[in-house]
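Novice: Got a predicted model here, sequence first, then my questions.
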Amino acid sequence: MIAVGDGLWLLSTPTSGYVVRLAGDATPTCAHWGPALTLDQARDLPAGWPELPVEGGAWFGVAGLQIRYGDAVRGVEWRHLGHAVEGDQLVLHMADGHYPLEITLHYRVRGETIERWTTVTNCGAEPVTLLRCDSAAWSLPHRDGYRLSHVSGDWGREFQLRRTDLTMAETVLTSRRGHSGHHANPWLMVDDGHATEEHGEVWSVALAWSGSWRITVERDQHDRVGLSGGFGHEGLTWRLGAGESVDTPVFAGVYSPAGFGGASHRWHDYARTFLLDDRTRPVVFNSWEATEFDISQEQQMALAERAAALGVELFVMDDAWFGGRTSDRVGLGDWWPNPDRFPEGLAPLIEHVRKLGMTFGLWVEPESVNPDSELYRTHPEWVLRQPNRRSTEVRNQLLLDFSRNEVAAWAHRWLDDLVRRHDISFLKWDMNRPFTEAGDEVWVPFVRNVYAIIDQLRADHPQLTIEGCASGGGRADLGMLARTDQTWTSDNTDAAQRIAIQHGYSQLYPVRTMGAWVTDSPNAITGRLTPLRFRFHVAMSGALGIGGDLLRWTPQELEEATALVEQYKRIRSVVHGGRLDRLGRWAVQYTLEDEVAVFLWRPTTLVGRDAPVRLRGLDPDGVYRDEDTGVLHHGAVLMSHGLPRPLPFDALSDLRRLIRC
Ligand code: DGJ
């Protein structure tokens with residue numbers, strides 16, 4: 001809901017309020033972001049932190065909008081042109097007081113989330129240069145303390161949650177890699193210094209962008225906190241020609257009066273309601289860990305037979321099905337079935353998979369090319385390159401310049417053709433290297449063209465599900481999530497380590513998008529031995545998949561796995577559609593109306609004692625039946641005393657299913 005006063009706008013979500021006020025010099029500022037207010041209450045609030053700080057005047061903080069005009073003058077002096085309200089959307093029309101430059105600030109209330117973005121238009125005849133063009137700035141009311149929460153990581157250890165005091169300085173979270181990155185993720189939370197999972201105030205922002213990005217958190221000398229974020233990293237510039245505009249990506253914000261858990265609930269609701277559809281995420285088998293590059297039609301058929309018998313619903317053939325791709329040195333870019341491995345094309349395998357009652361999916365990596373490929377030999381000019389500079393190879397591959405429309409059109413053509421000519425309902429879209437040798441003009445159009453291709457494919461092939469992947473979770477963000485159905489969370493499938501990865505991922509993103517495979521023991525990356533049940537219990541708390549070499553699983557393992565897949569299908573709607581509560585680091589609860597699923601894990605003795613686990617959000621007067629044991633529990637007791645956690649040894653786990661009687 002949006003209410004309008006005199007130079008004052010109040011945006012209300014069901015539980016929070018956001019107030020924009022024009023300062024005396026027409027600077028749009030944030031007068032309030034926090035608990036709900038009425039317009040009357042908001043009228044007394046003074047102007048606050050700029051909504052989009054610019055260079056100029058006595059502003060010495062981070063400038064989210066940095067401009068150079070033709071005469072070398074910089075900065076903006078604000079002029080207010082008007083506003084428009086349409087439903088839950090507010091548009092503030094602003095301009096520079098002297099130069100022909102319009103700046104439009106967009107706001108949209110979506111559930112508990114406020115989306116914000118900016119359009120800058122050069123209305124003059126001379127080009128201007130943008131050094132920085134953030135989507136928005138957010139600021140907090142004064143509190144006694146502030147902590148910063150965010151994730152960091154690397155390949156194989158993405159989404160490690162960090163929580164630190166916010167130092168009185170500028171803290172920069174950024175990616176200069178052309179994708180959102182393993183090392184960081186474009187979101188953060190600031191709390192009042194002592195928030196917990198259930199209590200305390202948390203302010204959180206997330207950027208819907210899958211390329212380079214920067215979010216700066218500033219705690220200034222007056223102990224005020226503001227954050228500015230947008231696409232691109234420092235040092236990139238945009239030229240805005242006469243009449244041209246630039247639209248920034250959405251930078252969304254959530255206020256939670258109910259701790260970090262409350263912030264996560266709000267983000268999950270936002271993604272589920274506005275970004276994702278509610279189609280059931282199938283149980284996947286993915287062949288990568290089982291076969292890597294050594295694949296054949298017969299072997300894939302045999303794996304498919306085993307997978308179908310377990311109850312798998314979607315069979316995905318990963319890398320190495322195309323061109324001359326027998327290792328990561330060759331073939332990337334040659335998107336036709338490898339004639340030695342699939343002499344009659346993909347049809348026999350797909351038919352086999354379909355007859356087994358599963359749908360079929362394929363791995364692709366459209367943005368990359370091996371120098372040893374037909375594509376590169378034909379179009380060496382298509383790769384990202386700069387004159388007088390060496391070409392950097394990562395994983396023996398170069399990047400195609402997707403900012404060029406002809407390259408993007410080529411990619412769309414072969415992908416569309418692949419899906420049109422085969423019975424394919426799933427693509428895993430991978431991207432295994434960052435940008436190098438990219439000129440200023442590449443970074444944004446590249447990502448926009450990736451988006452456009454995926455959007456077009458989905459519009460033309462509504463049956464198609466797309467999984468986003470960049471060597472695991474290197475490109476997981478709200479931008480990608482808005483156009484994919486799930487994410488390949490990490491190449492690290494060690495269940496004991498995966499718990500921490502999933503803990504970080506699910507701070508912001510809903511677990512129905514969190515691809516999680518059960519693979520072999522010992523684990524391929526860590527060498528850790530874990531029981532099958534533990535591996536399943538960790539993967540079942542996301543979007544379950546299987547990625548082990550089923551041809552080597554024993555009859556006992558296959559039997560146990562079949563029962564666990566069946567159990568997962570019974571709780572899938574609760575896990576994917578329910579509210580997620582993190583019960584410490586080693587237990588999660590999902591609640592959907594009267595149904596509850598609780599996963600209890602004990603990865604190592606060092607982290608998990610046998611303390612009972614207190615559940616959340618139940619009906620205190622309700623009685624809950626344990627579906628497996630028939631034991632009845634009172635809601636009030638489960639919430640104040642908890643469920644016992646009888647897990648005496650390492651790598652043990654439990655799944656408890658409770659239904660309110
Ligand atoms: C990286 C992905 O994260 C893996 O799951 C797998 O698809 C490989 N690429 C294939 O090359």
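Specialist: Right, received. Where do you want to start? Residues are numbered from 1 along each chain as shown.
Novice: How about the residues of this protein by the ligand?
Specialist: Within the chain, the positions lying close to the ligand (CB under 6 Å from any ligand atom) are 288, 318, 319, 363, 430, 432, 469, 471, 472, 488, 491. Where C-beta positions appear, they are placed from N, C-alpha and C, glycine not excepted.
Novice: Kindly indicate which of these lies nearest the ligand.
Specialist: Among these, residue 319 lies closest to the ligand (CB to the nearest ligand atom), at 3.6 Å.
Novice: Look up how far residue 76 lies from the residue sitting nearest the centre point of the chain.
Specialist: With distances taken as CA atoms, centre = their mean, residue 477 lies nearest the centre of the chain, 2.8 Å away. Note on residue 477: its distance to residue 76, by CB to CB, to the nearest Å, is 28 Å.
Novice: Go through the residues of the chain next to the ligand and flag which are in strands.
Specialist: Counted as lying in strands by DSSP state E, out of those, are 363, 488.
Novice: could you dump the residues of the chain next to the ligand to a markdown table with distance to residue 70 and neighbour count?
Specialist: Putting the residues of the chain next to the ligand into a markdown table (distance: CB to CB, whole Å; neighbours: other CB atoms under 10 Å) gives the following:
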| residue | distance to residue 70 | neighbour count |
| --- | --- | --- |
| 288 | 53 | 23 |
| 318 | 52 | 23 |
| 319 | 50 | 23 |
| 363 | 49 | 22 |
| 430 | 43 | 23 |
| 432 | 42 | 21 |
| 469 | 44 | 28 |
| 471 | 43 | 21 |
| 472 | 45 | 26 |
| 488 | 47 | 30 |
| 491 | 49 | 21 |
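Novice: Which secondary structure element of the chain has the lowest mean pLDDT?
Specialist: In the chain, no helix or strand scores lower on mean pLDDT, DSSP states H and E than strand 238-240, which sits at a mean of 93.
Novice: The following helix or strand past that strand: partners in the sheet, and parallel or antiparallel?
Specialist: Downstream of strand 238-240, the first helix or strand assigned by DSSP states H and E is strand 245-247. Here strand 245-247 has these sheet partners by DSSP bridges: strand 113-122 (antiparallel).
Novice: Output the partner strand as CSV, restricted to C-alpha atoms.
Specialist: Only the C-alpha atoms of strand 113-122 are listed here, as CSV (Å, rounded to 0.1, in the frame of the first residue of the first chain):
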residue,chain,number,x,y,z
THR,A,113,9.5,-7.0,0.4
ILE,A,114,10.1,-3.6,-1.2
GLU,A,115,11.7,-3.7,-4.6
ARG,A,116,13.7,-0.7,-5.7
TRP,A,117,15.5,0.3,-8.9
THR,A,118,16.6,3.4,-10.8
THR,A,119,16.4,4.7,-14.4
VAL,A,120,18.8,7.3,-15.5
THR,A,121,18.0,9.1,-18.8
ASN,A,122,20.3,11.4,-20.7
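Novice: chain center to that strand: distance?
Specialist: 20 Å (CA atoms, centre = their mean, to the nearest Å).
Novice: quick one: strands adjacent to the helix or strand that it is followed by?
Specialist: Next in sequence after strand 113-122, counting helices and strands by DSSP H and E, comes strand 128-133. As defined by DSSP bridges, the strand partners of strand 128-133 come to strand 65-68 (antiparallel), strand 238-240 (antiparallel).
Novice: Pick the most deeply packed of these.
Specialist: Neighbour counts averaged per stretch over the strands paired with strand 128-133 are highest for strand 65-68, at a mean of 22; criterion: mean count of other CB atoms under 10 Å.
Novice: Mind listing what's buried along the following helix or strand past it?
Specialist: Counting by DSSP H and E, the next helix or strand C-terminal to strand 65-68 is strand 78-86. By neighbour count on 16 or more other CB atoms under 10 Å, the buried set for strand 78-86 is 78, 79, 83.
Novice: Export strand 78-86 to CSV, keeping only CA atoms.
Specialist: Taking C-alpha atoms only, strand 78-86 is exported to CSV below (Å, rounded to 0.1, in the frame of the first residue of the first chain):
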residue,chain,number,x,y,z
TRP,A,78,18.1,17.3,-7.3
ARG,A,79,14.9,18.7,-8.8
HIS,A,80,11.6,17.0,-8.2
LEU,A,81,9.4,16.7,-11.2
GLY,A,82,6.5,14.7,-9.8
HIS,A,83,5.4,11.2,-8.8
ALA,A,84,3.1,8.5,-9.9
VAL,A,85,1.4,5.8,-7.9
GLU,A,86,-0.1,2.8,-9.5
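Novice: From residue 67, how far out is the residue in the stretch 1-150 of the chain that the ligand sits nearest to?
Specialist: Among all residues of the stretch 1-150 of the chain, residue 150 sits closest to the ligand, at 22.5 Å; criterion: CB to the nearest ligand atom. Between residue 150 and residue 67 the computed distance is 29 Å (CB to CB).
Novice: How about residue 560?
Specialist: Using CB to CB, residue 560 is found at 63 Å from residue 67.
Novice: Dihedrals phi and psi, residue 623?
Specialist: Dihedral pair for residue 623: phi -110, psi 130, per degrees, to the nearest 10.
Novice: Tell me, how many residues neighbour it?
Specialist: The number of residues packed near residue 623 is 16, by other CB atoms under 10 Å.
Novice: Could you find the closest non-adjacent residue to it?
Specialist: Nearest residue to residue 623 in three dimensions, chain neighbours excluded: residue 661, at 4.9 Å (CB to CB, 6 or more residues apart in numbering).
Novice: Model confidence for that neighbour, exactly?
Specialist: Here, the pLDDT recorded for residue 661 equals 95.
Novice: hey, where'd the helices end up in the stretch 151-300 of the chain?
Specialist: For the stretch 151-300 of the chain, applying DSSP state H, counting those that start in this stretch gives helices covering 259-270, 288-291, 297-310.
Novice: can you list the domains in the chain?
Specialist: Here the domain parsing of the chain from automatic domain parsing is 2-275, 589-660.
Novice: Highest mean neighbour count out of the ones you listed?
Specialist: Ranked by mean neighbour count, those are led by domain 2-275 with a mean of 19 (mean count of other CB under 10 Å).
Novice: how far does that domain sit from the chain's center?
Specialist: Computed by CA atoms, centre = their mean, the chain-centroid distance of domain 2-275 equals 18 Å.
Novice: Touching, residue 196 and residue 262? I think so.
Specialist: No: in this structure residue 196 lies outside contact range of residue 262 using CB atoms under 8 Å: 10.2 Å.
Novice: quick one: contacts for the residue of the stretch 1-150 of the chain closest to the ligand?
Specialist: With contacts defined as CB atoms under 8 Å, 6 or more residues apart in numbering, the neighbours of residue 150 are 161, 162, 173, 184, 185, 187, 188, 189.
Novice: next one: residue 193
Specialist: Contacts of residue 193 (CB under 8 Å, 6+ apart): 143, 144, 145, 146, 147, 165.
Novice: For the nearest residue to residue 49 once chain neighbours are set aside, give me phi and psi.
Specialist: Closest residue to residue 49 apart from its sequence neighbours, by CB to CB, 6+ apart: residue 139 at 3.4 Å. Main-chain dihedrals, residue 139, degrees, to the nearest 10: phi -140, psi 160.
Novice: what pairs with residue 139 across the strands?
Specialist: Here residue 139 sits in beta bridges with residue 226, going by DSSP bridges.
Novice: Next one: it relative to residue 156, how far apart?
Specialist: The gap separating residue 139 from residue 156 is 36 Å, by CB to CB.
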